[in-house]
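S.K.: using only what follows, build the 3D model:
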Amino acid sequence: MSGPALQGGLEPEPGETVLAEFRADRVAYWRGHLVMAVLGGALAGLALLAMGNGTPWVGPLGAALAVGVRGAYLASEVLGLRWQLTDRRLILPGGRAFRLRDIVTVRKFLGDVQVITRQGDKHLIKYQPDAAAVIAAIDRARAAA
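M.R.: So this is what the prediction gives:
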C-alpha cells in the first residue's frame, strides 16, 4: 500500500493503493451553516409574522444564534472527518467501506457529494470545497477498478 494508512483500523488488501483523501473543509463547513442560518431565520421570522407576533426579528436572531452555537460545538469533530479513496474501496469515517464496484451513483447533493451503493446504502462526503473534483476522482477510480 502507498500513501496514508487506512483509517478505522481497516487492513489494506495486498497491493491496495490510496488514491485520494477527502477532508472536511472549514470554509465549506461555515458556508453551509450560514445558509442554514439565513434560511432558518427567514422561516422563523415569517412564522412569527404569520402568528401575529409583534417582534418577528427574534426568529432570525434565534435561528442565527442556534446555528452558530451548533456549528461551534460540532466543528472540531466534523472538521476532523476524512474519507479515503483507494483503487478498490471508498473508506468512510469510522471505518466502513464500500467497494468501488458496488457504487452505482456519485452526485452532488446540495454542497456535498452523495454516494449510493447497489445495496441501497447512502453516504454523504460532507463539506468539500470542490464537489466536482471529488466526483471526478471517484468516477476515475471506479472506471479503473
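S.K.: at the geometric centre of this protein, which residue sits there?
M.R.: residue 126 (0.9 Å; C-alpha atoms, centre = their mean).
S.K.: list the residues that contact the residue nearest to that residue when sequence neighbours are not counted.
M.R.: The spatially closest residue to residue 126, leaving aside those adjacent along the chain, is residue 112, at 4.9 Å (C-beta to C-beta, 6 or more residues apart in numbering). Where C-beta positions appear, they are placed from N, C-alpha and C, glycine not excepted. By C-beta atoms under 8 Å, 6 or more residues apart in numbering, residue 112 lies in contact with 124, 125, 126, 127, 128, 131.
S.K.: buried ones in stretch 40-49?
M.R.: 40, 41, 44, 45, 48 (16 or more other C-beta atoms under 10 Å).
S.K.: the second one is in what secondary structure piece?
M.R.: Under DSSP states H and E, the secondary-structure element containing residue 41 is helix 26-50.
S.K.: what's in contact with that helix?
M.R.: With contact meaning C-beta under 8 Å, 6+ apart, helix 26-50 is reached by 55-64, 66-68, 70-71, 75, 78-79, 110-111, 127-129.
S.K.: this structure: helices as residue ranges?
M.R.: Taking DSSP state H as the criterion, the chain contains helices spanning 26-50, 58-78, 131-144.
S.K.: what bridges to the residue nearest to residue 126?
M.R.: Following DSSP bridges, residue 112 is listed with bridge partners residue 109.
S.K.: distance of it from residue 64?
M.R.: Separation of residue 112 from residue 64 (C-beta to C-beta, to the nearest Å) stands at 22 Å.
S.K.: could you chop the chain up by domain?
M.R.: 18-24+81-144, 26-78 (automatic domain parsing).
S.K.: any idea which of these is most buried?
M.R.: domain 18-24+81-144 (a mean of 17; mean count of other C-beta atoms under 10 Å).
S.K.: how long is that domain end to end?
M.R.: Using C-alpha to C-alpha, to the nearest Å, the end-to-end distance of domain 18-24+81-144 comes out at 14 Å.
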